[in-house]
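Novice: pasted the sequence and its predicted model underneath.
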Amino acid sequence: MDMKAFYSLSCGLYLVGAAHEGRDYGCVVNTVTQVTAEPAKLMVAINKENATTAAVLASGRFEAAVLCETAPMELIGTFGFKTSREVDKFAPFQTARDAHGVPYVTQDVAARFGCKVVDTLDAGTHMLIIGLVEEAEVLNTAAPMTYAYYHRVKNGLTPPKASSYQAQQEKKPGGWRCKVCGYIYEGETLPADYKCPICGQPASVFEKL
Ligand code: FE
């Protein structure tokens, strides 16, 4: 199998939000697809180990938001490389809640969809969750971020729990890269007490490029 074939599939960068028992959950996914128009339904593929997945399934609701190209790495890193079990991912950003109290980010988001879970399929590492869209809103006119843009322009990495993850990822010369989130430190010498500004990991997880 030529794994590069998978790079030709178009996907984007999306935030999934959920609320359960007084706590907010959120994570980044790269697979959100409209599956029907009448009624409008979306499908989300989301890793079973994510705290957000359990919250979506338990509460029966989720918000799916489409990130724009303007989204800073801090936003992507917080939702993609930290866990909702430990931090309130929504706190540092501009957010709102839908009619059912489910949180979503309003900054650097092209559009958001408030969904009720109507079907699920166990796909192994991931759950496919189908949501009936009950709210839809355009929030920003900036271009939606594609996964290709995230890799090429933002130097982003794919976390192991993403459905599109591949173990070997390309390296670019110069500086140091956080092996957890892909953040690039530009400089020859990485201070020993350095902490990744995106995912909070120590200097030991950085690799020389
Ligand atoms: Fe990092």
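Specialist: Arrived safely, thanks for sending. Numbering: from 1, shown residues only.

Novice: what's in contact with the worst-scoring helix or strand of the chain on mean pLDDT?
Specialist: When the helices and strands of the chain are scored by mean pLDDT, DSSP states H and E, helix 147-152 comes last with a mean of 80. With Cβ atoms under 8 Å, 6 or more residues apart in numbering as the contact definition, helix 147-152 has outside contacts at 7, 10-13, 30, 69, 76, 156, 158, 164. For every residue, glycine as well, the C-beta is placed using N, CA and C.

Novice: now list the buried members of the residues you listed.
Specialist: Among the contacts of helix 147-152, the ones that count as buried by 16 or more other Cβ atoms under 10 Å are 11-13, 30, 69, 76, 156, 158.

Novice: returning to that earlier point: in the least confident helix or strand of the chain, which residues are buried?
Specialist: Buried, per 16+ other Cβ under 10 Å, within helix 147-152: 147, 149-151.

Novice: make JSON lines out of these and add distance to the ion.
Specialist: Formatted as JSON lines, these follow (distance: Cβ to the ion, whole Å):
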{"residue": "147", "distance to the ion": "19"}
{"residue": "149", "distance to the ion": "19"}
{"residue": "150", "distance to the ion": "15"}
{"residue": "151", "distance to the ion": "16"}
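
Novice: next, residue 17: secondary structure please.
Specialist: strand (DSSP: H, G, I helix; E, B strand; the rest coil).

Novice: repeat that for the one 10 residues further on.
Specialist: Assigned with three-state DSSP, residue 27 falls in the strand class.

Novice: can you tell me the closest non-neighbouring residue to the residue most central in space within the chain?
Specialist: Geometric centre of the chain, nearest residue: residue 28, 1.2 Å, by Cα atoms, centre = their mean. Counting by Cβ to Cβ, 6 or more residues apart in numbering, residue 28 lies nearest to residue 80, which is 3.8 Å off, once chain neighbours are set aside.

Novice: just how off-centre is the helix or strand hosting the one you found within its chain?
Specialist: Element membership for residue 80 (DSSP states H and E) is helix 73-81. Helix 73-81 has its C-alpha centroid displaced from the chain centroid by 7 Å (Cα atoms, centre = their mean, to the nearest Å).

Novice: how about the residue nearest to residue 28, what does it touch?
Specialist: Residue 80 is in contact with 27-28, 159, 181, counting by Cβ under 8 Å, 6+ apart.

Novice: the chain: strands as residue ranges?
Specialist: Taking DSSP state E, the strands of the chain run over residues 14-20, 23-29, 32-37, 40-47, 61-67, 95-97, 103-105, 109-122, 126-138, 176-178, 184-185, 206-208.

Novice: output the contacting helices and strands for the last one.
Specialist: What that stands for is strand 206-208. strand 176-178 (3 or more Cβ pairs under 8 Å, 6 or more residues apart in numbering; DSSP states H and E).
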